[in-house]
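Colleague: Here's my sequence, what's the structure:
(one chain, ligands or ions: 1)
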Amino acid sequence: MNIDASTKVMITGASGSVGWVLSKALAGRCEVFGTYASHPNVPEGVTGLKADLCDQWAMKEHLELYQPDIIVHLAAITQPDRCEQNPQLAFRVNFEATSEIARVAGTIGARLVYASSDLVFDGAKGSYTEEEVPRPLSIYGMSKLRAEEAALGLLDGTLVVRSSLMYGFGSPVSKTFLSRVLENLEQGEKMQLFTDQLRNPILIDDLAGAVIIAIEKDLSGIYHIGGPEIVNRHEFGRKVCRIFGYDEALLVPINMRDFPYDAKRPLDSTLNTGKYTGATGFVPRAMDAGLEAAKIGC
Ligand SMILES: NC(=O)c1ccc[n+]([C@@H]2O[C@H](COP(=O)([O-])OP(=O)(O)OC[C@H]3O[C@@H](n4cnc5c(N)ncnc54)[C@H](OP(=O)(O)O)[C@@H]3O)[C@@H](O)[C@H]2O)c1
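Modeller: Reported below is the predicted structural model:
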């Protein structure tokens, strides 16, 4: 699908990390509507719309009124522990609202892109392909998986993008893993980081670019999009120290298994991204280049 000035794109969760970067990348190129729930912050050039997904009519009204050609559905309760503590809220916002959006998308003839996560996998083997059967360990992972299934089942042509840990800088009101690490380092505080959890982190700006390419190429079905390198969080922190000029001694290696989280996390949820790269030729930046880009504002 060609994205031009006549195209209308609705991005849910534009006040969040990915939504901010994606809506900013599209503003000026097409008409962009961006929803928020509690933070009325969207980039310049984006029409901000309040829509709390706990209200089952909020998105329906916006979608029927603005009739977007494409909906990129990013809004979610993204904190696994919060989902574990409040499963009802997690399933309402992450799963049920996605089903409602997919149904309305069908009635207005919009395409749907749904953002899912590597946390749909149990992490027992890693390098997961799109064909492998997910087995979430947490309420968050389960709510995202059920949302995927609903979106794909209710609307032909839906694209589900599963991505890994994201780094970079998103909206002024959302914190990313990178911004949390930098906050600690700036304050000279020690920070505990896992050595036993593997992900393939992706720069948020590259994910946004990858989603735009996927829309332009009319991809549908499930695609894994992640960075080209596999690291644990401690290794990620060491790269941050090297590139941003902080003392690596502030990083304390710990085991995730020893940490009393409410939500269980997979040990190795790395994604095999060959299907997406094969379809588009796009390879996200390696972490050193991604962190350098983030340092100078991408
Ligand atoms: N971050 C990652 O590492 C990662 C990895 C894999 C997949 N993902 C997926 O990618 C998507 C975007 O993640 P992100 O990191 O950009 O998220 P984020 O920064 O946590 O932002 C979440 C967004 O969802 C909105 N939201 C939360 N509760 C809502 C509700 N009840 N009703 C309506 N909107 C609500 C927030 O709005 P307000 O702030 O205005 O309340 C915000 O815009 C999510 O679907 C997530 O599951 C993220």
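
Colleague: How about this structure: which residue is closest to the ligand?
Modeller: With CB to the nearest ligand atom, the shortest gap between the chain and the ligand falls at residue 16, namely 2.2 Å. Bear in mind the C-beta positions are built from the backbone N, C-alpha and C, glycine included.

Colleague: Can you pull the phi and psi angles for the closest residue to that residue other than its chain neighbours?
Modeller: Excluding its sequence neighbours, the residue lying closest to residue 16 (CB to CB, 6 or more residues apart in numbering) is residue 174, at 4.9 Å. The phi/psi pair for residue 174 (degrees, to the nearest 10) reads phi -110, psi 140.

Colleague: Phi, psi for residue 235 please.
Modeller: phi -60, psi -40.

Colleague: what about the residue nearest to it when sequence neighbours are not counted, how many residues close to it?
Modeller: Leaving aside its chain neighbours, residue 235 sits nearest to residue 195 (7.9 Å; criterion: CB to CB, 6+ apart). Residue 195 has 13 neighbouring residues, counting by other CB atoms under 10 Å.

Colleague: Then residue 202?
Modeller: Counted with other CB under 10 Å, residue 202 comes out at 27.

Colleague: Look up phi and psi at it.
Modeller: phi -130, psi 140.

Colleague: show me the contacts for it.
Modeller: 163, 164, 165, 166, 167, 210, 225, 226, 227, 284, 290 (CB atoms under 8 Å, 6 or more residues apart in numbering).

Colleague: what pairs with it across the strands?
Modeller: Per DSSP bridges, the residues bridged to residue 202 are residue 166.

Colleague: Show the pLDDT at it.
Modeller: pLDDT for residue 202: 98.

Colleague: Show me the strands in the chain, by range?
Modeller: Secondary structure of the chain, counting by DSSP state E: strands at 8-12, 31-36, 47-50, 70-73, 111-117, 159-163, 166-167, 191-194, 202-203, 221-225, 251-254.

Colleague: JSON lines for the ones you listed, including distance to the ligand?
Modeller: As requested, the strands of the chain are exported to JSON lines (distance: least, CB to the nearest ligand atom, whole Å):
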{"stretch": "strand 8-12", "distance to the ligand": "6"}
{"stretch": "strand 31-36", "distance to the ligand": "4"}
{"stretch": "strand 47-50", "distance to the ligand": "8"}
{"stretch": "strand 70-73", "distance to the ligand": "7"}
{"stretch": "strand 111-117", "distance to the ligand": "4"}
{"stretch": "strand 159-163", "distance to the ligand": "5"}
{"stretch": "strand 166-167", "distance to the ligand": "4"}
{"stretch": "strand 191-194", "distance to the ligand": "14"}
{"stretch": "strand 202-203", "distance to the ligand": "8"}
{"stretch": "strand 221-225", "distance to the ligand": "10"}
{"stretch": "strand 251-254", "distance to the ligand": "19"}
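
Colleague: what would those strands look like in a markdown table with distance to residue 88?
Modeller: Shown next, in a markdown table, are the strands of the chain (distance: least, CB to CB, whole Å):
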| stretch | distance to residue 88 |
| --- | --- |
| strand 8-12 | 20 |
| strand 31-36 | 22 |
| strand 47-50 | 22 |
| strand 70-73 | 20 |
| strand 111-117 | 20 |
| strand 159-163 | 24 |
| strand 166-167 | 26 |
| strand 191-194 | 29 |
| strand 202-203 | 31 |
| strand 221-225 | 27 |
| strand 251-254 | 32 |
